[in-house]
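S.K.: sequence and computational prediction follow.
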Amino acid sequence: MIRVMITDDHLIVREGLRLILETADNLEVVGEAVDGAECLRLVPVLKPDVILMDLQMPRMDGITAIEHLCKDHPEIAIVILTTYNEDDLMIRGLQSGARGYLLKDTNRETLIDTIVAASRGDALLTPAILKRVLAAQQTVSATPKDSVLTERELEVLQAAALGERNKEIAYKLGITERTVKAHLASIYQKFGVDSRAAAVRVAAQQGLLTS
C-alpha cells in the first residue's frame, strides 16, 4: 500500500481527494494537513510515502514546505496539486523537488498514476505540463542548450519524464531494456544524481530536454 497525505487548506478539496483515492486498491490516505506548517509537523507521525501538496496556503505555502521536506525527508515523494496554472509556479515547484505537477481539474486516472509513479521514484509530468515547463525554460534561458548528454540519452530522459517504464522506453526507441538501463546509469553519473526524478529536474532546470 502507498501511504498518501493530503495538504490543502480547503476542507472540500481534502474530502474530495480522500474519496477519490480511497477507490484505489493500492492507496491509503493516512492523514491531512491544512497548510505547510501542519504538514511538516505531522509527517514524522504519519510517515507518508507521497504527499499531495497545494501551493497557496496560509502560514506556510507549498513551495516552502516542499523545500523543507526535500531537505529533511528526501524519501517522501511530493506531487503538487493546485488550481494555479502558472508556468513560474511549475518551475519553482519542480526545482524545489516535487516529482509531479497536476491541476485540480485532472482526472482520477492521471492523479492515481502520478501518485504511483512518484512513489516508485519517478518524476511523472503530463505531456501538456512537460511541454509548458520546457517552453518556459527555453524562454528564460539565454544560453544555448549545450548538453553533456547524447541524443539517445536525451530521448530516454524525456520518455522517463513522461513516466514511461524501461520496457516502454525500449519499445518506443527500438532498443533493449538493458540498453535503457545503461543510458539511465550514464545520465545519473553525468548529472551526479541517483534517481529518475532528480535527473529530470536537473535536465529541466538546465533546459536540456526538447519538446
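M.R.: All right, it came through fine.

S.K.: for Met60, give its distance to Thr110.
M.R.: From Met60 across to Thr110, the span is 27 Å (Cβ to Cβ, to the nearest Å). Any C-beta I mention is one placed from the backbone N, CA and C, and that applies to glycine too.

S.K.: do the same with Val202
M.R.: In terms of Cβ to Cβ, Val202 sits 24 Å off from Thr110.

S.K.: pLDDT below threshold where in the protein?
M.R.: Under the criterion pLDDT under 70, the flagged ranges of the chain are 84-87, 124, 126-147, 209-211.

S.K.: if we go to 50?
M.R.: Within the chain, the set of residues satisfying pLDDT under 50 comprises 140-146, 211.

S.K.: buried residues in stretch 166-182?
M.R.: Judged by neighbour count (16 or more other Cβ atoms under 10 Å), stretch 166-182 contains these buried residues: Asn166, Ile169, Ala170, Leu173, Ile175, Thr179, Val180.

S.K.: could I get the CA-only coordinates of that stretch as CSV?
M.R.: Output of stretch 166-182 as CSV, limited to C-alpha atoms (Å, rounded to 0.1, in the frame of the first residue of the first chain):
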residue,chain,number,x,y,z
ASN,A,166,12.1,0.9,-19.1
LYS,A,167,10.2,-1.7,-21.1
GLU,A,168,8.1,1.1,-22.7
ILE,A,169,11.1,3.3,-23.4
ALA,A,170,12.9,0.3,-25.0
TYR,A,171,9.9,-0.5,-27.3
LYS,A,172,9.4,3.2,-28.2
LEU,A,173,13.1,3.7,-29.2
GLY,A,174,13.7,0.3,-30.7
ILE,A,175,16.4,-0.7,-28.1
THR,A,176,16.7,-3.3,-25.4
GLU,A,177,15.7,-2.7,-21.7
ARG,A,178,19.4,-3.4,-20.8
THR,A,179,20.4,-0.5,-23.1
VAL,A,180,17.8,1.8,-21.5
LYS,A,181,19.2,1.0,-18.1
ALA,A,182,22.7,1.7,-19.3
